[in-house]
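Visitor: generate coordinates for the sequence data below:
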Amino acid sequence: MQGEGKPMFLRHHSKEVKGVVFSPTDRYLFTSGGNDGKINIYRAHNRGFHKHEMSFKLASPTTGRTITGLKFTPDGTKILASSTSHRLAVLDVHRGHQIQSYENCVGHCRGRAALATDPNNPNMVVCCGPNGKSLNLLDIRMPLPCEFLFDLHTSVIRDICFLNRSWPFVKSHQSGLVSLSGDGVCKTTTLEGLSLHTFSVGYESNSIATTPEDYGSSRSNGLKSHIVIGGDTISSYTPENAANEKHKKFNYINHYLIWKLKYTSNGSLLYSACAGGKVKRFRRMQNDHEYLGDVMVHKADVYDMDISPYNEFLVTASKDHTVGILHLGPPNHGDSSYYELT
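Guide: Numbering: from 1, shown residues only. Modelled structure (predicted):
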């Protein structure tokens, strides 16, 4: 039975690395982008032979050099990259070139830019608008943005994620979009801009994540579906009903600013990427999250983090110019899963 490996650090960037993300359709393929204007594509291997396959160079003398955000489209065929030049570029994964770009579309922000793709539509992209407080909706088949949601927040939007219709305040709509501002305000809207729900955690915030299952489907196991928010600390929010909304800080003393939160695909473990270079692991409990310890330590802040589709690998993007990769264990399902026979 394979166990957890040792962290490795890939050095294919010459400056800070701002984004890293796994392909949703190829469980070994992932990409990174940073201040050097490069987007690298890698292939992970469970024996440590991680391969650097390809590089894109978006920077030019007339554009900003910093890559601030990365996403794969849900079909895994394209990479979306935002930069400090307010440009969103669309890259073809297989042919290795840019196929589309949108100018004056993305806000310039500190750290990682807010960028999300619609799981139900491989062509729909949402990003933080040029002023940092609004949202841009794009259909990447079209030459221009299709919607602009004006000033949803009073401070800069730090993260975005989609909610499916199983969540209480999204049930009458196909999907909901949650945006988190730096002052800790979370707003759920439809793609048309209709406001559905708002709550505030009351502290500086950078990342938002949801439990991966349909809302309420884990109650038989004693677990509640919730939204977690990370920044100065970490807290969970459970919208049980209109009269009983819970916002609870983790029973854990944090001394590092949280940049990114990510659940495993089954929702049993939560990872946090922190200032100071540490990646921390929590076990999801009935009414809390239990801190299990640090799994990786960089020499500087970790801006971004992702987990492979079958929970085999964790990758990180760091200020120390490296991409970290940790083999977490065997795949949780699939044709190469491992089993113990007793």
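
Visitor: so where's the stretch 201-342 of the chain uncertain?
Guide: For the stretch 201-342 of the chain, applying pLDDT under 70 flags the ranges 241-255, 333-342.

Visitor: the strands in the stretch 201-342 of the chain, which residues?
Guide: With DSSP state E, counting those that start in this stretch as the criterion, the stretch 201-342 of the chain has strands at 205-210, 227-231, 234-241, 244-249, 258-263, 269-274, 278-284, 289-297, 302-307, 313-318, 323-327.

Visitor: also the stretch 51-200 of the chain?
Guide: 51-57, 67-72, 78-83, 88-92, 97-102, 115-117, 124-128, 135-139, 147-149, 157-164, 175-181, 185-189, 195-200.

Visitor: the first one - contacts with which helices or strands?
Guide: For strand 51-57, the packing partners by 3 or more Cβ pairs under 8 Å, 6 or more residues apart in numbering; DSSP states H and E come out as strand 38-43. All C-beta atoms are positioned from the backbone trio N, CA, C, and that covers glycine.

Visitor: try 10 Å this time
Guide: strand 29-34, strand 38-43, strand 88-92 (3 or more Cβ pairs under 10 Å, 6 or more residues apart in numbering; DSSP states H and E).

Visitor: elements contacting the last one?
Guide: Contact partners of strand 88-92 among helices and strands, from 3+ Cβ pairs under 10 Å, 6+ apart: strand 38-43, strand 51-57, strand 67-72, strand 78-83, strand 97-102, strand 124-128, strand 135-139.

Visitor: of these, which is nearest Leu196?
Guide: strand 135-139 (14.0 Å; Cβ to Cβ).

Visitor: need the phi and psi values for His86.
Guide: Phi and psi for His86, reported as degrees, to the nearest 10, are phi 70, psi 20.

Visitor: what is the burial count for it?
Guide: Using other Cβ atoms under 10 Å, the number of residues around His86 comes to 18.

Visitor: now for the helices and strands packed on strand 51-57, which one comes closest to Leu223?
Guide: Among these, strand 29-34 comes nearest to Leu223, with 28.5 Å by Cβ to Cβ.

Visitor: I'd say Leu257 and Gly231 touch.
Guide: Yes - here Leu257 reaches Gly231: they are 6.6 Å apart, a contact under Cβ atoms under 10 Å.

Visitor: can you pull the residues that touch both of the two?
Guide: 204-206 (Cβ atoms under 10 Å, 6 or more residues apart in numbering).

Visitor: by neighbours, which of those residues wins?
Guide: Ser205 (27 neighbours).

Visitor: what distance separates the start and the end of stretch 188-203?
Guide: 18 Å (Cα to Cα, to the nearest Å).

Visitor: what does stretch 95-115 give?
Guide: Using Cα to Cα, the two ends of stretch 95-115 sit 23 Å apart.

Visitor: also stretch 98-113?
Guide: End-to-end for stretch 98-113, by Cα to Cα: 20 Å.

Visitor: list the buried ones in it?
Guide: 100-102, 105-109, 111-113 (16 or more other Cβ atoms under 10 Å).

Visitor: relative to Pro309, how far out is Asn266?
Guide: 11 Å (Cβ to Cβ, to the nearest Å).

Visitor: CSV please, covering the helices and strands packed on strand 88-92 and showing mean pLDDT and distance to Gly329.
Guide: Conversion of the helices and strands packed on strand 88-92 to CSV gives the following (pLDDT from 0 to 100; distance: least, Cβ to Cβ, whole Å):
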stretch, mean pLDDT, distance to Gly329
strand 38-43, 94, 19
strand 51-57, 82, 20
strand 67-72, 93, 23
strand 78-83, 93, 27
strand 97-102, 88, 36
strand 124-128, 92, 32
strand 135-139, 90, 37
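
Visitor: and these: which comes nearest Val315?
Guide: strand 38-43 (8.3 Å).
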